[in-house]
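Engineer: got a predicted model here, sequence first, then my questions.
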Amino acid sequence: MDVSNEREKLQQIRHRFISVLAQNIGLYGISETNGRLYGTILFSNKPMTLDDMSKALGMSKTSMSTGVRVLSEADMVTRVWEKGNRKDLYETEDDWYKSFISVFINRWREGTDKNKHAATRAKEALEMLLDETNDEDLIEEIKQDIDKLEGALHYYEWLDEVIHLFESGDIFKLIPKK
């Protein structure tokens, strides 16, 4: 097989992986387009400028800038410096665990805090309603709802502990990096 055919096969393999990665990167709260950008940067043999990314993906430089910002906030790409080059250069973060932890903590902490706050407020409101009513049927329903919210609050406390395992790095004591 000649080198051009081998190079084409290499590109096809990369493209297939990038396509699947992009489709599934929504789990990180990242769009499919930014997933393709990440894959493009990942398989680049050198750091890329926004112009390089724009050319590779056939998209605007503005879109690339926005995508890089999203990926940077997720600790998936980093800006690097290269002597003699005045343009910003980007490459993927080598530590995929760091990227996952960053995204996991931010997304789960925000959702858990919001849900915990809502459950606490609902429980307090139910407890006030419980003090105000004399209706036995309503009292029973309120008590059942309070029990459900207490279960939810216990779950959110557990989630806080899971999130802390990631924040502290203790997760790697339980499940070592490969």
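Structural biologist: Arrived safely, thanks for sending. Numbers count the residues shown, from 1 in each chain.
Engineer: list the contacts for residue 138?
Structural biologist: residue 129 (C-beta atoms under 8 Å, 6 or more residues apart in numbering). Using the backbone N, CA and C atoms, a C-beta is placed for each residue, glycine as well.
Engineer: where does it land in three-state SS?
Structural biologist: helix (DSSP: H, G, I helix; E, B strand; the rest coil).
Engineer: quick one: low-confidence parts of this protein?
Structural biologist: Filtered on pLDDT under 70, the chain yields the residue ranges 1.
Engineer: could I get the buried residue list for the longest helix along the chain?
Structural biologist: With secondary structure taken from DSSP state H, the chain has its longest helix at helix 96-132. For helix 96-132, the neighbour count (16 or more other C-beta atoms under 10 Å) marks 99-104, 106, 109, 112, 116, 119, 123, 126 as buried.
Engineer: am I right that residue 91 falls within a strand?
Structural biologist: Yes - under three-state DSSP, residue 91 sits within a strand.
Engineer: helix or strand next in line after the host helix or strand of residue 54, which one?
Structural biologist: Under the criterion of DSSP states H and E, residue 54 resides in helix 50-57. Downstream of helix 50-57, the first helix or strand assigned by DSSP H and E is helix 61-73.
Engineer: relative to helix 50-57, how tilted is that next one?
Structural biologist: 100 degrees (axes from the mean of the first three to the mean of the last three C-alpha atoms, to 10 degrees).
Engineer: would you mind pulling the contact partners of helix 61-73?
Structural biologist: By C-beta under 8 Å, 6+ apart, helix 61-73 touches 30-31, 33-34, 37-38, 41, 50-51, 53-54, 57, 77-79, 90.
Engineer: select only the buried ones of these in ChimeraX?
Structural biologist: Only the buried members of those end up in this ChimeraX selection, burial being decided by 16+ other C-beta under 10 Å:
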select :30,33,34,37,38,41,50,53,54,57,77,90
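Engineer: determine which two of the contacts of helix 61-73 are furthest apart.
Structural biologist: Across the contacts of helix 61-73, the longest distance by C-beta to C-beta is 22.1 Å; it joins 30 and 51.
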